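[1] Got a sequence here, can you build the structure:
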Amino acid sequence: MEYLVEMTTDVPQGTPDGAAVDDIRARETARARELAAAGHLLRLWRPPLALGEWRTFGLFGADGEQRLEEILASMPLYVWRTDKVTPLSEHPNDPASAQGREPLEFLTTLTLTVPEGTPTEVVADMKAREAIRAHELAEEGRLVRLWTPPNQPGEWRTLGLWSARDEVGLKATLESLPLYVWMTVETTPLSTHPNDPVKGTK
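    Below you'll find the predicted structure:
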């Protein structure tokens, strides 16, 4: 199973500057490589940060939440971190192995609200066309991953990882989705994390 983990690090006041922080960050880099090699750490990104903020998004693979907790606790920075975990279920349109071809990545939360009274056959047709378009976007390197996060009854949300040249390009991509007319979109631009096993420096 896959999990999206928002990791916020707060270095305790009084921690010696320089050597102590550099040491734990070096050990974090080494541990990240080990977890990536074992197939547990899949991706790492930096979201937009406020001044002085230390926050990371991580995509992890684990056999259950207990195993995930063990994996997270094995990372040196865990002692200074607060983690927010979102379990991810498979999405029927997830391209899984797709690779982005554009320079930037974006994480989106797509919330679908079907207008009241819409015939079932219309919804089914829209979903079928959405699946075809998702496949096309994956082949073009614009759709990288799709997941289903936990949803409340009656809620229809999807998490997406996209590749685009810029935010204008992402908007054009999303607007090409048949279900876009029923979507509310939340977008988080992502920058490369140095420990990312896919795009980071090794």
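[2] Show me what the closest residue to Pro150 other than its chain neighbours bridges to in the sheet.
    Distances taken as C-beta to C-beta, 6 or more residues apart in numbering put Pro87 closest to Pro150, at 6.4 Å, once the chain neighbours are dropped. To be clear about C-beta, it is placed using only N, CA and C from the backbone, and glycine gets the same treatment. Applying DSSP bridges to Pro87 gives these bridge partners: Tyr3.
[3] Pro87 is in contact with Thr148, isn't it?
    No. In this structure, Pro87 is not within contact of Thr148 by C-beta atoms under 8 Å, at 9.7 Å.
[4] count of residues packed around the residue nearest to Pro150?
    Neighbours of Pro87 under the rule other C-beta atoms under 10 Å: 16.
[5] Could the C-alpha coordinates of the lowest-mean-pLDDT helix or strand in the chain be exported in PDB?
    Every helix and strand in the chain was compared by mean pLDDT, DSSP states H and E; the lowest is helix 19-37, with a mean of 93. C-alpha atoms of helix 19-37 as PDB (Å, rounded to 0.1, in the frame of the first residue of the first chain):
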ATOM      1  CA  ALA A  19      27.600  20.300  13.000                       C
ATOM      2  CA  ALA A  20      24.700  18.700  14.900                       C
ATOM      3  CA  VAL A  21      22.100  19.600  12.200                       C
ATOM      4  CA  ASP A  22      24.500  18.700   9.400                       C
ATOM      5  CA  ASP A  23      25.200  15.300  10.900                       C
ATOM      6  CA  ILE A  24      21.600  14.400  11.300                       C
ATOM      7  CA  ARG A  25      20.800  15.600   7.800                       C
ATOM      8  CA  ALA A  26      23.700  13.500   6.400                       C
ATOM      9  CA  ARG A  27      22.300  10.400   8.200                       C
ATOM     10  CA  GLU A  28      18.800  11.200   6.900                       C
ATOM     11  CA  THR A  29      20.200  11.200   3.300                       C
ATOM     12  CA  ALA A  30      21.900   7.900   3.900                       C
ATOM     13  CA  ARG A  31      18.700   6.400   5.400                       C
ATOM     14  CA  ALA A  32      16.600   7.700   2.500                       C
ATOM     15  CA  ARG A  33      18.800   5.900   0.000                       C
ATOM     16  CA  GLU A  34      18.400   2.700   2.000                       C
ATOM     17  CA  LEU A  35      14.700   3.000   2.100                       C
ATOM     18  CA  ALA A  36      14.500   3.800  -1.600                       C
ATOM     19  CA  ALA A  37      16.700   0.700  -2.400                       C
END
